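[1] need a structure here:
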Amino acid sequence: MTLCELAGVSRSGYYKWRGRAKGSPHERKIILDLVKATHEKHPSHGYRWVHAYLVQQNGITVCAEYSDTG
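    Prediction:
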């Protein structure tokens, strides 16, 4: 049994994850602080709008589902 089988992930998924660029914790905090501030200013807007707003205003280049769990 391979580690991928044990973890329940595909080999291609593992290598995609391994090759993904990791931001520093400081960068993550800056981005998440921007997301929180934007959401507080515009509480009626959803995550897609917040993401589009941050891309337009700040040039943020993360996926719309970016979270603090990673």
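[2] mind giving me the packing neighbours of the helix or strand harbouring residue 12?
    Assigned by DSSP states H and E, residue 12 belongs to helix 11-19. Contact partners of helix 11-19 among helices and strands, from 3 or more C-beta pairs under 8 Å, 6 or more residues apart in numbering; DSSP states H and E: helix 3-7. Yep, even glycine has a C-beta here, placed from its N, CA and C like the rest.
[3] show me what the helix it packs on is packed against.
    Using 3+ C-beta pairs under 8 Å, 6+ apart, helix 3-7 sits against helix 11-19.
[4] show me which positions of the helix of greatest length in the chain end up buried.
    The residue-count maximum for a helix in the chain (DSSP state H) belongs to helix 25-41. Within helix 25-41, the residues that count as buried by 16 or more other C-beta atoms under 10 Å are 28, 31, 34, 35, 38, 39.
[5] contacts only, for the fifth one.
    Meaning residue 38. 50, 53, 54 (C-beta atoms under 8 Å, 6 or more residues apart in numbering).
[6] now those residues: which count as buried?
    50, 53, 54.
[7] ok, residues contacting stretch 10-24?
    2, 4, 7, 9, 31.
[8] got those as CSV, with distance to residue 61 and pLDDT columns?
    What follows is these, written out as CSV (distance: C-beta to C-beta, whole Å; pLDDT from 0 to 100):
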residue, distance to residue 61, pLDDT
2, 34, 83
4, 29, 87
7, 29, 88
9, 26, 90
31, 10, 84
